[in-house]
Structures are given as structure tokens and as C-alpha cells.
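1. got a predicted structure here, sequence first:
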Amino acid sequence: MNHLKFWAIATAALTGLLLSPSPATAYCRADLTNQLNTLAERPSLKKARLGILIETQSGQVIYSRDAERYFVPASNVKLLTTAAALSSLGPNFTVRTSVYSQQQNGVTTLQVVGRGDPTLADSQLNELASQLKAQDINTVSSLLGNDSHFAGPIVNPNWEWEDVQAGYGAPTNSLIINTNELGLTLYPQAVGQPLRIEWDDPSLNRQWQIENFSRSVAAGQPEYVDIGRDLSRPILRVYGQLISGAAPDKASVAVPNPADYFISRFRQTLGRQGITVAQTGLTTVNPSGSELAAVTSPPLAQWLVRTNRNSKNIYAEAILKSLGGPNAEDATAAGVRRWKPSSNGLGSIQTSMKLWMAPVYHAITWLPPMPLWILSKPWLALPMRSPIAAPLPWPVPAAPSATVSGVFALSAKPEPLATMPHCRGILTRPTIVRW
């Protein structure tokens, strides 16, 4: 395998077998092949894709079964993306968002230049507005957004059509605000009634039409929510059901036109500061005036909790584009090319891939020990040589420590096996088999 070295990969049907809470079993080398073949040939795994490679620390292959096939690493790729960025850009890397001013014939034009800061939120827009107000800017003839820092597609080409509608599949551009998501809350009502839907931002009620096909159901009924949006018009469609009297459910959809949304939101922020704006638009022309206001992101090291622990796709995408740089024809593709396999043991970096793809179990061991600034505090009790690098704060039914020792990191998104597929991954420095 050219890019990734997999030690053990199988579908979710194998997860319960490998992540068993029963005590670990030691096999002698002579029995190992038969034991694994018996496991792999179980009827329950008939439709599974299974790949296993077990070797000694010195590299001697003990067992191999379809080890060279490609499997979906899902959001574990974020570990490599962030490792590459930390190595190449450094933990203190920051992104600056600037507002430039140009005065001509008594006309004030402000240009906001975004450089791909995924942490930018309404609080930073307030800071920019405050800086402008402090310089006696009260009237703006034209407010322009420059979204051209990163070239290339803003939508990940790996997403499917339903992904680009969801908040987790939000586009990654140069002018990012509130992770390019529109949040909403769904409240169960009386049995048989549709869910009550409220936007986190009430102003969106005037901009969006909601087609509500949801309902509230009695206790004991399954719960699910499916939210999508029209790809060309501001229409939100809500399907699914929640139990009457249960807690509300949070959801989000991707912003359709993120640069326009950024400028619209900044215009509202300026208005609250008493700065009136006559018109807005977008431009690709470099600013010629002076920088009047600016905000700087937290250092890259602080992005990693949301990137790895919370598995935030837009953070990983923005990091990858920053690796590619502003001069590339396609920032994402350039970010992929920038990090190649090298002596430090890291594989080539790929764009972040969605966690929700196919039911797949994978245990991977090609990661070297990570610097402390990529790690976060462990959520799960595992016998680790280091803290968990990319855990997700969902409960895991059974600790994998019984069957896999020397665990380096774990990422997981378990769901009820009877209703939904799920994805789990364990990154290890393994001593799986002892003799």
C-alpha cells in the first residue's frame, strides 16, 4: 500500500468481536492463522470487507489477509492533516482577517479580506466593527468582501449531494463565519403534531422557507431527524420524528453562499454599531488602501481540539488550504501535495474525509508518537502510552483495551447497531498477539 499502512481493518460486523469486553486471549504463533481465518470466515462477516496485517516490531509478517486493499480511514485523516500543519506551519501559525479602507471623492469603500480563519465568529465581527467605529467611520458607501485568498473549489469533492446540505459539510472558503453553518433547534410537540423549528438566528425566519414534514410521536417510537435544503433556493426541508416531551434536538445546515453571508452578517454588525452601509458586494481585486481594522485567529495549536476531538470538518479543510497557500491554483490540492511520505513516518496528507461513509472498523499503526500540542485529554480509560489524539465525546459501549494493547489513539462515532451504521477507529502501536 503506497500511502497508508493498515494493521487491521474490517466492517462494523467485526467491531463487536474485536472490541469485546472479555479478557484478551493470547495465541501461539502456530494457532494464529487458523484462529484468524476462522474469525474472518464467520457467516456474519460474509458481506464484510476485512483486511488484517500482523507483524512483529522488526517487520516480520506473521499474518496477512488483503492487507494491501484500500479502506476508508474517515476522520482519522484529520490526525495526519493536523500533524502536517503543525510540522510545516508551526503551532503558533495564525490567520489574520483585515478591513481595508479606500477614500475617493468623499466616498468610503471598505474591503474585508478573509484568509480562511475557521475560528471567526460573530464576536470577531463585533471587534472589527468596534475598531472601525473608534476611527470615526460612520458611513460606508460600499462594503466589499474579498474571498479570493484560497483558489479552487470551496466544496469538498468527496461529499455526496446530501452532505453539502448539512452543517458538517459546510463549504470552506476564505471568508468563513460561524463555521459556515446555520443552526436550528427542533422541539417535540404533542403526539401527532409537527416539530417546532427555531433558527438560532431569528433573522433567518425572514430569509428561509421551511417545509416541515416532521412529527412528534409517542414514547417507545424510534427517533430520527433528516434535514436538507434546496441547493438553489433558501428552502429548508425537515423530516423525521422525536418523542413528545423529550429534549429538543440541535441541527445545522450549510450556508449556501458563504462569502455573501459573511458580508451580510458584517453589515448587520456594523449597523448595530451605528455604521450605515449603502451597498455590499464581492471583489477579487487586491485592496489598495490602508488596513483600518484586523482580528487574528488563535494559534493553530488551539484549533486542534475542534479539529480532532470534535472532528470539525471545516477546520481540517481550512488547515489543508493553509498548507496549500494563497498562490496555488487549487489550495486543497496543493495542501495534499505539500506533505509527502518522509522519514518521520507520516503518510501523505489527504483532504479530510467524512466520518459517516460506510460501516467500517479500522486499526491503524502508521502514526509516530505525536507532539504534545496535537494531543488532548483522554475521554476513555485506555492503556495508552500517550493521551488520546482524536477522541470524540460519545460513549463507547466496551473499552477496547481487552483486545488491543499499547493503544496510541482512538476515534469513534458509535450508533445503535440495529438502526444506523457506525464508524470506529483505533490507532495503535500494537502488541496484539503475544507469544
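-> Done, it's in.
2. would you check how far apart the most far-flung residue of the chain relative to its centre and V140 are?
-> For the chain, the residue at maximal distance from the C-alpha centroid (CA atoms, centre = their mean) is N105, at 46.1 Å. Using CB to CB, to the nearest Å, N105 is found at 15 Å from V140. C-betas here are computed from N, CA, C, even on glycine.
3. could you do W303 as well?
-> 31 Å.
4. which one of these two has more residues nearby?
-> W303 (25 against 21; other CB atoms under 10 Å).
5. shaky segments in the stretch 301-435 of the chain?
-> For the stretch 301-435 of the chain, residues meeting the criterion pLDDT under 70 lie at 339-435.
6. which residues does the residue nearest to Q193 when sequence neighbours are not counted contact?
-> Spatial nearest neighbour of Q193, chain neighbours left out: S216 (5.1 Å); criterion: CB to CB, 6 or more residues apart in numbering. S216 makes contacts with 188-195, 241-244, as judged by CB atoms under 8 Å, 6 or more residues apart in numbering.
7. list the contacts of V217.
-> So V217 contacts 191, 223, 241-244 (CB under 8 Å, 6+ apart).
8. swap in 6 Å and give it another go.
-> Residues in contact with V217, defined by CB atoms under 6 Å, 6 or more residues apart in numbering, are 241, 243.
9. Q124 too?
-> V295 are the contacts of Q124 under CB under 6 Å, 6+ apart.
10. make sure it is indeed in a helix.
-> Yes. Counting by DSSP: H, G, I helix; E, B strand; the rest coil, Q124 falls inside a helix.
11. let me know the pLDDT of it.
-> In this model, Q124 is scored at 98, pLDDT.
12. how much space separates it from P194?
-> 36 Å.
13. D147 and P194, how far apart?
-> Distance of D147 to P194, computed by CB to CB: 37 Å.
14. and E127, how many neighbours does it have?
-> By other CB under 10 Å, 15 other residues sit near E127.
15. from what I see, it and V295 are in contact.
-> Yes. Using CB atoms under 6 Å, E127 is in contact with V295, at 5.3 Å.
16. which SSE is V238 in?
-> strand 235-243 (DSSP states H and E).
17. domains of this protein?
-> 1-75+385-414+421-435, 90-196+248-354 (automatic domain parsing).
18. how far off centre is the last one?
-> To tie it back to what came earlier, the one meant is domain 90-196+248-354. Taking CA atoms, centre = their mean, to the nearest Å, one finds domain 90-196+248-354 lying 14 Å from the centre of the chain it belongs to.
19. which residues in the stretch 101-250 of the chain form helices?
-> In the stretch 101-250 of the chain, the segments counted as helices under DSSP state H, counting those that start in this stretch are 122-134.
20. one more: the stretch 251-400 of the chain?
-> Per DSSP H, counting those that start in this stretch, the stretch 251-400 of the chain carries helices over the ranges 258-272, 300-304, 313-324, 331-338.
21. ranking those helices by burial, who's on top?
-> Comparing those by mean neighbour count (mean count of other CB atoms under 10 Å), helix 313-324 ranks first with a mean of 27.
22. just want the angle from that helix to helix 258-272.
-> Helix 313-324 runs at 110 degrees relative to helix 258-272, counting by axes from the mean of the first three to the mean of the last three CA atoms, to 10 degrees.
23. quick one, helix 313-324 and helix 331-338 angle?
-> Helix 313-324 and helix 331-338 are oriented at 70 degrees to each other (the same axes, to 10 degrees).
24. roughly how far does the nearest residue to V155 once chain neighbours are set aside sit from K312?
-> Nearest residue to V155, sequence neighbours excluded (CB to CB, 6+ apart): P171, at 5.0 Å. Per CB to CB, P171 is found 14 Å from K312.
25. do the same with A151
-> 23 Å.
26. the two: who's more crowded?
-> Higher neighbour count among A151 and K312: K312, with 22 against 19, using other CB under 10 Å.
27. and for the spatially closest residue to that one that is not a sequence neighbour, the neighbour number?
-> Once flanking residues are discounted, K312 sits nearest to R306: 4.5 Å by CB to CB, 6+ apart. Other residues near R306 come to 16 when the count uses other CB under 10 Å.
28. please tell me how far R306 sits from T139.
-> R306 is 37 Å from T139, by CB to CB.
29. kindly report the same for A151.
-> A151 sits 33 Å away from T139, going by CB to CB.
30. now P248: phi and psi?
-> With angles defined as degrees, to the nearest 10, P248 sits at phi -70, psi 160.
31. my read: it touches T185, true?
-> Yes. Contact criterion CB under 6 Å: P248 and T185 qualify, at 5.0 Å.
32. which ones are touching A121?
-> Going by CB under 6 Å, 6+ apart, A121 touches N178.
33. need the strands for the stretch 51-200 of the chain, in chain order.
-> Using DSSP state E, counting those that start in this stretch, the strands of the stretch 51-200 of the chain run over residues 51-55, 61-65, 96-104, 107-113, 139-146, 181-187, 196-199.
34. mind listing what's buried along the fourth one?
-> Same thing as strand 107-113. Neighbour counts over strand 107-113 (16 or more other CB atoms under 10 Å) mark 108-113 as buried.
35. and what of the second one?
-> For strand 61-65, the buried set under the neighbour-count rule, 16+ other CB under 10 Å, comprises 63, 65.
36. parallel or antiparallel, list what pairs with that strand.
-> Its sheet considered, strand 61-65 pairs with strand 51-55 (antiparallel) by DSSP bridges.
37. can you tell me the average pLDDT over the partner strand?
-> On average, strand 51-55 scores 75.
38. cool, and stretch 141-149?
-> 97.
39. ok, stretch 259-275 next?
-> 97.
40. picking up where we left off before, same for the strand holding V238, what does it pack against?
-> Judged by 3 or more CB pairs under 6 Å, 6 or more residues apart in numbering; DSSP states H and E, strand 235-243 is in contact with strand 209-212, strand 215-217, strand 224-229.
41. next, the angle strand 181-187 makes with the longest one.
-> The reference is to strand 224-229. Between strand 224-229 and strand 181-187, the angle comes out at 140 degrees (the same axes, to 10 degrees).
42. give me the contact list for strand 224-229.
-> Contacts to strand 224-229, defined as CB under 6 Å, 6+ apart, come from residues 165, 236-240, 249, 251, 253.
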